[in-house]
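Visitor: Give me a model of this one.
(2 chains)
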Amino acid sequence: RKEVEQDPGPFNVPEGATVAFNCTYSNSASQSFFWYRQDCRKEPKLLMSVYSSGNEDGRFTAQLNRASQYISLLIRDSKLSDSATYLCVVKSSGSARQLTFGSGTQLTVLP
Amino acid sequence: GAVVSQHPSWVICKSGTSVKIECRSLDFQATTMFWYRQFPKQSLMLMATSNEGSKATYEQGVEKDKFLINHASLTLSTLTVTSAHPEDSSFYICSAWRQGTSGYTFGSGTRLTVV
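Guide: Numbers count the residues shown, from 1 in each chain, chains lettered A, B, ... in the order given. Next comes the predicted model:
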């Protein structure tokens, strides 16, 4: 079983739509959680951290359910510029500081 | 903000040759640098973790003699792909951990094509 699993998509949605991505992780000792965005042939960029209480940044809302080991990202009012691959990322506990990446969910927002 | 400069951004080399990729932290000291590899339509896979002044820790299945990592200073880490083969063609990305923050800063990646 992969440490971090995501639905690969692709998700093709019209502009203005609301889209949700899900992610599960297998290591219950995981400490920190993030969503990254990766554009084609570019490095990943941090979109937002994910907290148990849930957090929102503009049109983006992230949720974490530690009991279910489940993370979600909701994008409201999709823009064309939101088209990218969204990576669910988990940091394990301990001093290794390693990030484990999901395989990514591809989103295309259509005009 | 924290910047990691990675170069070259792309390189084409012949089979059997070696390629060196550099990652340099420009405005902070990177005590830990991570090296990832990403094949098309796949996620980033950690290859190795390097700490300044010590030997790198390689992930299972990554040949340390083939992928040489040097982290001789707090601002520079290098990955050398030795005796490259076409199957080594991939997108290589470094990431630096900035001490005192929860931040990881990524280099812009190197696209390696071995012909």
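
Visitor: ok, residue B:18 touching residue B:88?
Guide: No - with contact defined as Cβ atoms under 8 Å, residue B:18 does not count as touching residue B:88 (10.6 Å). Yep, even glycine has a C-beta here, placed from its N, CA and C like the rest.

Visitor: what do those two both touch?
Guide: Each of residue B:81 lies in contact with both residue B:18 and residue B:88 under the rule Cβ atoms under 8 Å, 6 or more residues apart in numbering or on different chains.

Visitor: Neighbour count: these two, which is higher?
Guide: Remark: of residue B:18 and residue B:88, residue B:88 carries more neighbours, 19 against 12, as counted by other Cβ atoms under 10 Å in any protein chain shown.

Visitor: can you pull the contacts of that one?
Guide: Applying Cβ under 8 Å, 6+ apart, we find residue B:88 in contact with B:81, B:112, B:114.

Visitor: tell me the contacts of the residue lying closest to the first one once chain neighbours are set aside?
Guide: What it means is residue B:81. Leaving aside its chain neighbours, residue B:81 sits nearest to residue B:19 (4.8 Å; criterion: Cβ to Cβ, 6 or more residues apart in numbering or on different chains). With contact taken as Cβ under 8 Å, 6+ apart, residue B:19 is in contact with B:11, B:13, B:80-81, B:84, B:112.

Visitor: Can you tell me which of the residues you listed is nearest chain A?
Guide: Closest to chain A out of those is residue B:112 (12.6 Å), distances taken as Cβ to the nearest Cβ.

Visitor: Are there helices or strands packed against the helix-or-strand element of chain A with minimal mean pLDDT, and which ones?
Guide: Every helix and strand in chain A was compared by mean pLDDT, DSSP states H and E; the lowest is strand A:99-101, with a mean of 90. Packing contacts for strand A:99-101, counted by 3 or more Cβ pairs under 8 Å, 6 or more residues apart in numbering or on different chains; DSSP states H and E, involve strand A:84-91, strand B:45-51.

Visitor: hey, which of these is tucked in deepest?
Guide: Ranked by mean neighbour count under mean count of other Cβ atoms under 10 Å in any protein chain shown, the helices and strands packed on strand A:99-101 are led by strand A:84-91, which reaches a mean of 24.
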